[in-house]
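> Quick check, what structure comes out for this input:
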Amino acid sequence: MDKKADSRAAAYQIHPIGYVRSAEDGSYLEVLEPFRPALKQLDQFSHVIVLWWADQHDDEKSRNIMQCMPPYAEDELTGVFACRAEYRPNPVAITVCQLLAVDEEGGLVRVPYIDAYDGTPIVDLKAYFPVCDRVREAKVPEWISAWPEWVEDGHLLTF
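Numbering: from 1, shown residues only. Predicted structure coming up:
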């Protein structure tokens, strides 16, 4: 087998740029000091894409789960690539968050909610660009068709 095709042939290093912080008034993304200059002009956007490491599932057992019954569709067996389960070969998770405030100097990004635990490592932040990140006619399976079209329509989804 070609080494480039062998997924176990290469290793990559990922270092946290910050951590999720939970508070009574919402959630915060605490960005570590060396990365704070990267926050410049993020406050000009309405939303941010947060890539985070599901560290509580970063173990051999969780990394080898390839199918599951998602908590939002308990009667459906899906592959982990067909859901947002935190257990997967690489526990990288993604959440699009509304930006409420950005404190570049203090390294705090305030968001109303993120589906990650307090202390979860943040891998990257990406500004949400509708031209690239929005899909005009997305298709979803029947087992999640009852969900609202937008998070704002359903307020905060809870499972």
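> Compute the distance between C97 and L42, please.
Applying C-beta to C-beta, to the nearest Å, the value for C97 to L42 is 11 Å. Placement of C-beta: from N, CA and C, glycine included.
> same deal with Y72?
Distance from Y72 to L42, by C-beta to C-beta: 30 Å.
> partners of the one residue sitting closest to the centre of the chain in the sheet?
With distances taken as C-alpha atoms, centre = their mean, I94 lies nearest the centre of the chain, 1.8 Å away. With DSSP bridges as the criterion, I94 is bridged to L51.
> I122 versus that one, what's the distance?
Between I94 and I122 the distance is 11 Å, computed by C-beta to C-beta.
> tell me, what's touching these two both at once?
V50, L51, W52 (C-beta atoms under 8 Å, 6 or more residues apart in numbering).
> Restrict those residues to the buried ones and give me that as a PyMOL selection.
Here is the PyMOL command that selects only those of the shared contacts of I94 and I122 that count as buried (16 or more other C-beta atoms under 10 Å):
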select buried, resi 50+52
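> Using CSV, lay out the shared contacts of I94 and I122 together with distance to K126 and pLDDT.
Listed next are the shared contacts of I94 and I122 as CSV, based on distance: C-beta to C-beta, whole Å; pLDDT from 0 to 100:
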residue, distance to K126, pLDDT
V50, 8, 98
L51, 7, 98
W52, 12, 97
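> Columns distance to L29 on top of the shared contacts of I94 and I122, output as CSV?
Converted to CSV, these look like this (distance: C-beta to C-beta, whole Å):
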residue, distance to L29
V50, 7
L51, 11
W52, 9
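> Now do the phi/psi pair for I144.
phi -130, psi 10 (degrees, to the nearest 10).
> I'd say it and D75 touch.
No: here I144 lies out of contact with D75, judged by C-beta atoms under 8 Å, at a distance of 11.8 Å.
> so what sits against both of the two?
Common neighbours of I144 and D75, using C-beta under 8 Å, 6+ apart, do not exist here.
> Which one's more surrounded, those two?
The residue with more neighbours, out of I144 and D75, is I144; 12 against 7, by other C-beta atoms under 10 Å.
> Great, nothing more from me.
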